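# Next one to model:
(one chain, ligands or ions: 1)
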Amino acid sequence: MLRFSVRSTRQAVQRLAVQQARHQSTNSTAAGSSMSIKNMSLTAAAGVATVGAITYLSMESVDANMAADGLHPPVYPWDHKKNLATFDHAAIRRGYQVYKEVCAACHSLDRIAWRNLIGVSHTEAEVKTMAEEFEYQDGPNDVGDMFQRPGKPSDYMPRPYANDEQARAGNAGALPPDLSLMIKARHGGADYVFSLLTGYQDPPAGVEIREGLNFNPYFPGGAIGMARVLYDGLVEYEDGTPATTSQMAKDVTIFLSWAAEPEMDERKKMGMKAVTLLVILTGLSVYLKRHKWAALKTRKILYNPPTPKKH
Ligand code: HEC
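Numbering: from 1, shown residues only. Model prediction:
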């Protein structure tokens, strides 16, 4: 066994030497090899310069212009961000109410269908009646005409505007973006949306805000096309929660967090199952490995040198 491995390493060393010799013969002259060293040092210098430039540039962007990039939102202790926590479903229900009564006048929620709310914030019967309050175009029917019918749970949330041009025209040129993935689309996510909704204030001295725009330090540039929309007591919650501005902002942010990631609860449950199972299986396989190897690991190897024969 030992002799065999010594031989095979020796063979490997010989093979390496042959390869090196071949490589040198292709690089025939000494100048060739000195060129490659020069190339290498050039490449290394370029690499160092690139890393340096990237570090310098990224350091620059840290203290970049706050007015241009927006005030960084504080980090809020959202319950649903904890590893073992689900969404607060009562908050999703309240948040839906805020979306429907306030935001839906300007913002679409294209990726959410009525049925998505079933079992999350509303019962099936509630969702059916909510969907039926809207008319959807369907068809064509037997004679080829499109017709209007009441909504079904399989329909997607209705849009406030027929197209982007109409949306811009209704908002002094600013396009209210779709809110389905807003939490994922913005740096800071839920913290940003909450800060944006609660961050409206008078512009500080010396800051000019154009007619039709509003000052909000969290919005990049500081001037946002959306006016402050949440005011204390704007909606009346059915569960009796006082509808303060921050409460509504929190609820609608949780609703939008759910809309951006409806699978979160399921994902965490799955993760917990997977981790539990893997811990058990790891324990079992460690035990099994030790069990199987026990005989080999505890064996005693004796070497009895042959006694030299006396002549
Ligand atoms: C009167 C119409 C109107 C209402 C109501 C409204 N918004 Fe807006 N919203 C806008 C417009 C217009 C913009 C685009 C602003 C811009 O780009 O300057 C916008 C932009 C946004 C943005 C994106 C900001 C960004 O970083 O680009 C978010 C988030 C948002 N609104 C959330 C909400 C929420 C949540 C509600 C409900 C509580 C709401 N809006 C209600 C008109 C509205």
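# what does the stretch 101-250 of the chain put close to the ligand?
Within the stretch 101-250 of the chain, the positions lying close to the ligand (Cβ under 6 Å from any ligand atom) are 102-103, 105-107, 171, 174, 176-177, 182, 186, 193, 196-197, 219, 224-226, 229-230. Every C-beta, even on glycine, is put in place using the N, C-alpha and C of the backbone.
# how about a cut-off of 5 Å?
102-103, 105-106, 171, 174, 176, 182, 193, 224-226, 229 (Cβ under 5 Å from any ligand atom).
# ok, of the residues you listed, which come out buried?
Those of these that meet the buried threshold are 102-103, 106, 171, 176, 182, 193, 224-226, 229, by 16 or more other Cβ atoms under 10 Å.
# Please enumerate the strands of the stretch 151-300 of the chain.
Secondary structure of the stretch 151-300 of the chain, counting by DSSP state E, counting those that start in this stretch: strands at 214-215, 223-224.
# could those strands be laid out in CSV, adding mean pLDDT?
Putting these into CSV (pLDDT from 0 to 100) gives the following:
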stretch, mean pLDDT
strand 214-215, 96
strand 223-224, 96
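# Let me have those in JSON lines, extended by distance to residue 43.
Listed next are the strands of the stretch 151-300 of the chain as JSON lines, based on distance: least, Cβ to Cβ, whole Å:
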{"stretch": "strand 214-215", "distance to residue 43": "51"}
{"stretch": "strand 223-224", "distance to residue 43": "47"}
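# from the residues of the stretch 101-250 of the chain next to the ligand, which two are the most distant?
171 and 193 (18.0 Å; Cβ to Cβ).
# part of a strand, is residue 137?
Yes. Assessed by DSSP: H, G, I helix; E, B strand; the rest coil, residue 137 belongs to a strand.
# and the spatially closest residue to residue 87 that is not a sequence neighbour, how many residues sit next to it?
The spatially closest residue to residue 87, leaving aside those adjacent along the chain, is residue 80, at 4.7 Å (Cβ to Cβ, 6 or more residues apart in numbering). Neighbour count for residue 80, taken as other Cβ atoms under 10 Å: 18.
# quick one: contacts for residue 80?
86-88, 254, 257, 264 (Cβ atoms under 8 Å, 6 or more residues apart in numbering).
# If any of the residues you listed are buried, give me the ChimeraX selection for them.
Remark: buried members of these, expressed as a ChimeraX selection using 16+ other Cβ under 10 Å:
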select :87,88,254,257,264
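# Could I get the phi/psi values of residue 170?
When quoted as degrees, to the nearest 10, the phi and psi of residue 170 stand at phi -80, psi -10.
# residues touching it, list them.
Residue 170 makes contact with 106, 161, according to Cβ under 8 Å, 6+ apart.
# same thing with residue 135?
Contact analysis of residue 135 by Cβ under 8 Å, 6+ apart lists 148-151.
# hmm, 10 Å instead?
Residues near residue 135 by Cβ atoms under 10 Å, 6 or more residues apart in numbering: 147-151, 158.
# what's the answer for residue 213, then?
Shown in contact with residue 213 (Cβ under 10 Å, 6+ apart): 172-174, 203, 219, 221-227.
# Could you do residue 99 as well?
Under the criterion of Cβ under 10 Å, 6+ apart, the neighbours of residue 99 are 107, 109, 112, 157, 179, 251-252, 255-256, 259.
# Buried members of the residues you listed into ChimeraX, please.
Only the buried entries of the contacts of residue 99 go into this ChimeraX selection, using 16+ other Cβ under 10 Å:
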select :107,109,112,157,179,251,252,255,256,259
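# quick one on the thing from earlier: check what pLDDT the residue nearest to residue 87 gets.
Looking at residue 80, its pLDDT reads 97.
# what's the answer for the one 10 residues further on, then?
At residue 90, the predicted lDDT confidence score is 98.
# next one: residue 127
98.
# show me where the stretch 1-150 of the chain has helices.
Listed from the start of the chain, the stretch 1-150 of the chain has helices (DSSP state H, counting those that start in this stretch) covering 2-26, 30-62, 66-69, 89-101, 124-132.
# Quick check: the residue nearest to residue 87 vs the ligand, distance?
The gap separating residue 80 from the ligand is 17 Å, by Cβ to the nearest ligand atom, to the nearest Å.
# Leaving out the residues flanking it, which one is nearest to the most centrally placed residue in the chain?
Taking Cα atoms, centre = their mean, the centroid of the chain lies closest to residue 184, which sits 5.9 Å from it. Leaving out its chain neighbours, the residue that sits closest to residue 184 by Cβ to Cβ, 6+ apart is residue 260, at 4.8 Å.
# Contact partners for the one you found?
Contact partners of residue 260, counting by Cβ under 10 Å, 6+ apart, are 111-112, 179-185, 189-190.
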